[in-house]
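A.B. asks: this one's sequence-less:
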């Protein structure tokens, strides 16, 4: 593996389709997060592999198509009273369903294309890991 977050161009680990890997296993959010991190070839640097972070409506649709027809954990979690994406990506995009987010702490993409909040520990969903290719191209899914 050449490069990475601090060293230029890098490629995603084996098994990824483009920047993403759908994992067809129902798990709690933290288990999903740890699984994605376990695939990271640069564990001591900024996160290179993490739960999917979406920056645009097009990217959200793409992640939803990878997981279709399953509800899918996203890398969006409630920390200190507000939701934040878990990567270093600078994005404020979200697509909450009406009445969301509730008080639960982790977000998932529903099969209806909207985001919902769920209990991080007791909720279980399938998930999509994302690897950040560098230099990053937000239009390259």
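C.D. replies: Looks like it arrived, so ask away. Because the structure is predicted, anything quoted here is derived from the model rather than measured. Numbers count the residues shown, from 1 in each chain.

A.B. asks: what about the helices in the chain?
C.D. replies: Along the chain, counting by DSSP state H, helices occupy 29-38, 57-67.

A.B. asks: I'd like to know how far the most centrally placed residue in the chain sits from residue 123.
C.D. replies: Central residue of the chain (Cα atoms, centre = their mean): residue 52, 1.5 Å from the mean position. According to Cβ to Cβ, to the nearest Å, residue 52 and residue 123 sit 16 Å apart. Using the backbone N, CA and C atoms, a C-beta is placed for each residue, glycine as well.

A.B. asks: With residue 65 instead?
C.D. replies: Residue 65 sits 22 Å away from residue 123, going by Cβ to Cβ.

A.B. asks: So these two - more neighbours on which side?
C.D. replies: Neighbours were tallied for residue 65 and for residue 123 using other Cβ atoms under 10 Å; the higher tally belongs to residue 123 (19 against 10).

A.B. asks: From residue 101, how far off is residue 81?
C.D. replies: Here residue 81 is placed at a distance of 11 Å from residue 101 (Cβ to Cβ).

A.B. asks: ok, back up a step: please work out which of the helices of the chain is packed deepest.
C.D. replies: The highest mean neighbour count among the helices of the chain, using mean count of other Cβ atoms under 10 Å, belongs to helix 29-38: a mean of 19.
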